[in-house]
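[1] sequence first, then the predicted structure:
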Amino acid sequence: MDHAIPIIIAAYFCSIVSGLTGMGGGFLLLVLLSPLFPPAILIPFHGSLQLISNLSRLTLFFKHINWRITLLFASGALIGATAGSRVVIDIPTNYFRLFLGIAILIMTWMPKLKNVPRIPGVFFYVGGVSTFLSLFIGATGPLIAPFFLKAGLTKEGLVASKAACQIPLHIFKILVYLSTGFLLAPWLPILAGAVPAMFLGIWTGKKLLGRVPEKRFYRLLQVVITLLALRLLYYAATNGL
């Protein structure tokens, strides 16, 4: 609980990013929290914070949700979580940080997919794969973003639908970790403090939506995430692998 105030502040600023762009905030929050916790705590705790963030976005952007995409994604997420629950293992902390740092750099700088597969019900498969992977790397936003970007959604619709889809993803992820022994109760005070902070962050991001140059903002976000990922790799290397 020593980190409660920094966590809540980080959650607020990352929520601004999420409210502004619909992506990147959860990834940024994961990198900020990763030096503080082992993976068995980090992934479900981060998922709990992201659940709050996505519920906040859902509240503010509710009328823009694409329910067909959401239902397909949620159905796939259930399958992905069920499959992942059978193989979740406790990875040594520094190996996890090394793996996470490398994964973040790849997902942050990989070329954007311009021609994502046009498969009937594609969001069912996107939900399944992303939920499965989220059990091991925590955040999969950059992997699923191209599918939302190519779905013909408005900017508000993208923010709303991505939030609605990620709610079942995080719920299933938390349930999987609860089944492996993760205790949520000790973290409830921080989560309670994060609720108003993240709602305020999402609200601030929504107000900024359309006022901030998108390309410049994404580039700045990429640079920040990269620096944090490099710090994570340095932290892992200097603390022994």
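    Yep, that arrived.
[2] mind listing the helices for the protein?
    4-21, 25-33, 39-60, 67-84, 93-109, 122-137, 141-149, 155-179, 188-208, 214-238 (DSSP state H).
[3] export those to CSV and tack on mean neighbour count?
    In short, each C-beta sits where N, CA and C put it, glycine included. Output for those, formatted as CSV (neighbours: other Cβ atoms under 10 Å):
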stretch, mean neighbour count
helix 4-21, 21
helix 25-33, 24
helix 39-60, 23
helix 67-84, 20
helix 93-109, 18
helix 122-137, 22
helix 141-149, 21
helix 155-179, 22
helix 188-208, 18
helix 214-238, 15
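[4] can I get those helices in TSV including mean pLDDT?
    TSV is the format used below for the helices of the chain (pLDDT from 0 to 100):
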stretch	mean pLDDT
helix 4-21	85
helix 25-33	84
helix 39-60	89
helix 67-84	95
helix 93-109	78
helix 122-137	91
helix 141-149	76
helix 155-179	90
helix 188-208	88
helix 214-238	75
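[5] wait, isn't G26 in contact with I52?
    No. Using Cβ atoms under 8 Å, G26 is not in contact with I52, being 11.1 Å away.
[6] spatially nearest residue to V224 (excluding sequence neighbours)?
    L28 (6.9 Å; Cβ to Cβ, 6 or more residues apart in numbering).
[7] show me what contacts that neighbour?
    C14, V17, L221, V224, I225, L228 (Cβ atoms under 8 Å, 6 or more residues apart in numbering).
[8] quick one: which of those is nearest to G193?
    C14 (14.6 Å; Cβ to Cβ).
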